[in-house]
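Novice: Here is my input; please provide its structure:
(one chain, ligands or ions: 2)
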Amino acid sequence: MFEEASILKLKDVRYSWPGRFSFGLTVPEFDLTSGETVLLLGESGSGKSTLLSLICGTVSAQFGMVSVSGTDIASLSAGERDRFRAEQIGLIFQQFNLLPYASVLDNILLPLDFAPERRSRVNTPKEEAKQLCQDLGLPRDVIDARAGTLSVGQQQRVATARALIGQPPLIIADEPTSALDAATQTTFLKLLFAQSKAHSTTLLMVSHDARLADQFDRVVQMSDISQVERQSA
Ligand code: ADP
Ligand code: MG
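Specialist: Residues are numbered from 1 along each chain as shown. Ligands and ions are numbered 1, 2, ... in the order given. Below you'll find the model as predicted:
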């Protein structure tokens, strides 16, 4: 039933936020093939972040199936789902969600605490974190700085290193370039692609910026894969 090359499968998914019946998202079908880079485009409020929350299992679909790496995430308990997410998915949020008072190193290594398989792929944590920083165009010695003291562009790279460490099979990025200027955006995307190609990671990035389209293997419009019900309250 689950194709070998598929990393993500959504089937007949329906979701509405509790208490907010004015917004309902339906996704009949959405698949990602292992190793591809996909840009998901859609206007603000079209449910992009909601869809990512469904994929990550931070919210559960009221109907339908969300399957990551062959596991139907509805079959997992809440605790299992948290560990599964940490193992399978590297997350880059719009606001980065770094711990500002913790060091860059501690921020990068954080997901490994919840993901033994990911941790087992990291033999020398500090060295690998330093290497990721270097690959992402940060100075290696940035590792000891407090995350909150870095520039926005630098923090975005740290958030990216945190998503990439231990090579989770799926990287999900929610409008990660929205806080960056155009030049930094391009550099950042190049580095992200190089890293995901090096480890044949699947990349799903969400944006409302169609200008990024030609840099991805595939572009998906939110309106092509979903129906949104909007009722005035
Ligand atoms: P996008 O990311 O495409 O801008 P969202 O998924 O954030 O869209 O939002 C889609 C709809 O869901 C909006 O109407 C928004 O207000 C609502 N929504 C998003 N997050 C929440 C939440 N945590 N609780 C309740 N409603 C939410
Ligand atoms: Mg959003």
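Novice: What's the local residue count around the nearest residue to Pro116 once chain neighbours are set aside?
Specialist: Excluding the flanking residues, the one nearest Pro116 by CB to CB, 6 or more residues apart in numbering is Glu87, at 7.9 Å. From N, CA and C alone the C-beta is placed, and that goes for glycine too. Residues near Glu87, counting by other CB atoms under 10 Å, number 19.
Novice: Look at Glu87 and tell me its secondary structure.
Specialist: Taking DSSP: H, G, I helix; E, B strand; the rest coil as the rule, one finds Glu87 in the helix state.
Novice: For it, give its distance to ligand 2.
Specialist: 24 Å (CB to the ion, to the nearest Å).
Novice: go on, Pro168?
Specialist: 21 Å.
Novice: just Arg20 next, same as before
Specialist: Taken as CB to the ion, the span from Arg20 to ligand 2 is 15 Å.
Novice: before we move on, what about Glu128?
Specialist: Taking CB to the ion, one finds Glu128 at 31 Å from ligand 2.
Novice: How about Leu52?
Specialist: 8 Å.
Novice: what's downstream of the strand or helix carrying that residue, the next helix or strand?
Specialist: Assessed by DSSP states H and E, Leu52 sits inside helix 48-56. Using DSSP H and E, the helix or strand that follows helix 48-56 in sequence is strand 63-68.
Novice: Adjacent strands (with direction) for whichever helix or strand comes after that next one?
Specialist: Remark: after strand 63-68, the chain's next helix or strand is strand 71-72, criterion DSSP H and E. Taking DSSP bridges as the criterion, strand 71-72 pairs within the sheet with strand 63-68 (antiparallel).
Novice: need the contact list for Ile89.
Specialist: Going by CB atoms under 8 Å, 6 or more residues apart in numbering, Ile89 touches Ile55, Cys56, Val68, Pro168, Leu170, Ile171, Ile172.
Novice: if you set the cut-off to 6 Å instead, what comes out?
Specialist: The contact partners of Ile89, by CB atoms under 6 Å, 6 or more residues apart in numbering, come to Cys56, Pro168, Leu170, Ile172.
Novice: same check, this time on Gln227
Specialist: Thr26.
Novice: Sort out which of the contacts of Ile89 are in helices and list them.
Specialist: Cys56 (DSSP state H).
Novice: which among the contacts of Ile89 end up buried?
Specialist: Cys56, Pro168, Leu170, Ile172 (16 or more other CB atoms under 10 Å).
Novice: farthest pair in the contacts of Ile89?
Specialist: Greatest spatial distance among those (CB to CB): Cys56 and Pro168, at 11.4 Å.
Novice: Go ahead and confirm Ala86 touches Leu110.
Specialist: No - the pair Ala86 / Leu110 is not scored as a contact, 9.4 Å apart, by CB atoms under 6 Å.
Novice: In terms of neighbours, single out the busier of the two.
Specialist: Ala86 (22 against 16).
Novice: related to what we said a few turns ago, if we check ligand 1, which of the buried ones among the contacts of Ile89 are in contact?
Specialist: Of the residues in the buried ones among the contacts of Ile89, proximity to ligand 1 by CB under 6 Å from any ligand atom holds for none.
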